[in-house]
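*Asks:* no FASTA, just this:
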């Protein structure tokens, strides 16, 4: 199972390059930044990293066709791919990073929009003239003649069963988010059934999971950091596809106190008002990797369970002290998983 890193979206280009060089030295497979509507441009911001590294993959997750027309998305992606000598990757999603909502753009016919976006990107990767007339997007007079060589990896971000089935028909990889190992097994079953019906081999499709990694010197420090970031996890929200993180009555307490979770994030606090401490502790333990380094074997075992349930890749979102975290994972986790 390949281990990627998801870095802070608002790092400068120079800072990403520093961390990218370190990650490459430790054998990580790829780097991602979340495509946030109020962060730096995720394509341009990777240029310095592309020039400073030689092997590691680079790109944003997730970019929405509702915020950026697939033709312009192709131009940005193929430019990064050229600069990085074929190492670019991208995650495509309908409502990614809050940009469509921030722009007031309706997000209708999501399955079709994502599929047409990927079809256009794949056509652009051929470097041939494109004339595409979809139900939503059209591309005329576009000839990205500079494209060539190794194409970028195109992932589709999916969580619900409809997008999982749709993406299994055409994506290079499926990228899910905040799902536990048991969830991955259920999702993989949906995907593998669709692959068989579509005549695709499971080997043709990679499967990745965005996972919050809060491992620190102590368990207490890990849980403090995890609580501060809970608002940007999928798990505290009722429409999260798989809800069996805790018993339903305890999950309802989490759902009922979403405003406290948001308030903690907005103020940088680790105090979640209204949720009993024991429920919050078990929730964080189940929904993230929040351990002290003395529990690192527990987290390595969790990663092994992710692999056993069907992941080919996992993308670890890291937070404070990224150099320390990169060295910890590179020196102790990656070797243990080989």
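*Replies:* Yes, it's here. From a predicted model like this one, the values you see are computed outputs, not experimental measurements.
*Asks:* per-residue pLDDT, residue 38?
*Replies:* What the model reports as pLDDT for residue 38 is 88.
*Asks:* ok, it to residue 9 distance?
*Replies:* Distance, residue 38 to residue 9, by CB to CB, to the nearest Å: 9 Å. The C-beta positions use only the backbone N, C-alpha and C, and glycine is treated the same way.
*Asks:* Check residue 227 too.
*Replies:* Using CB to CB, we find residue 227 at a distance of 20 Å from residue 9.
*Asks:* Residue 302 too?
*Replies:* As for residue 302, its distance to residue 9 is 25 Å (criterion: CB to CB).
*Asks:* before we move on, what about residue 301?
*Replies:* 30 Å.
*Asks:* got it, and residue 114?
*Replies:* 21 Å.
*Asks:* repeat for residue 213
*Replies:* 16 Å.
*Asks:* ok, those two, which is more surrounded?
*Replies:* Using other CB atoms under 10 Å as the criterion, residue 213 and residue 9 rank with residue 213 on top: 26 against 20.
*Asks:* Now that one: phi and psi?
*Replies:* Phi and psi for residue 213, reported as degrees, to the nearest 10, are phi -120, psi 110.
*Asks:* Just read off the phi/psi values of the nearest residue to it once chain neighbours are set aside.
*Replies:* Excluding its sequence neighbours, the residue lying closest to residue 213 (CB to CB, 6 or more residues apart in numbering) is residue 316, at 4.0 Å. Main-chain dihedrals, residue 316, degrees, to the nearest 10: phi -90, psi 120.
*Asks:* I figured residue 316 hits residue 1, correct?
*Replies:* No. Between residue 316 and residue 1 there is no contact under CB atoms under 8 Å: 11.4 Å.
*Asks:* Same drill for those two, tell me which one is more crowded.
*Replies:* residue 316 (24 against 18).
*Asks:* Tell me the spacing between the more buried one and residue 262.
*Replies:* Taking CB to CB, one finds residue 316 at 24 Å from residue 262.
*Asks:* same question, residue 47
*Replies:* Taking CB to CB, one finds residue 47 at 34 Å from residue 262.
*Asks:* Show me what counts as buried in stretch 192-199.
*Replies:* Going by neighbour count (16 or more other CB atoms under 10 Å), the buried part of stretch 192-199 is 192, 194, 195.
*Asks:* Could you do stretch 60-70 as well?
*Replies:* Quick answer for stretch 60-70 (16+ other CB under 10 Å): 60, 61, 62, 63, 64, 65, 66, 67, 68, 70.
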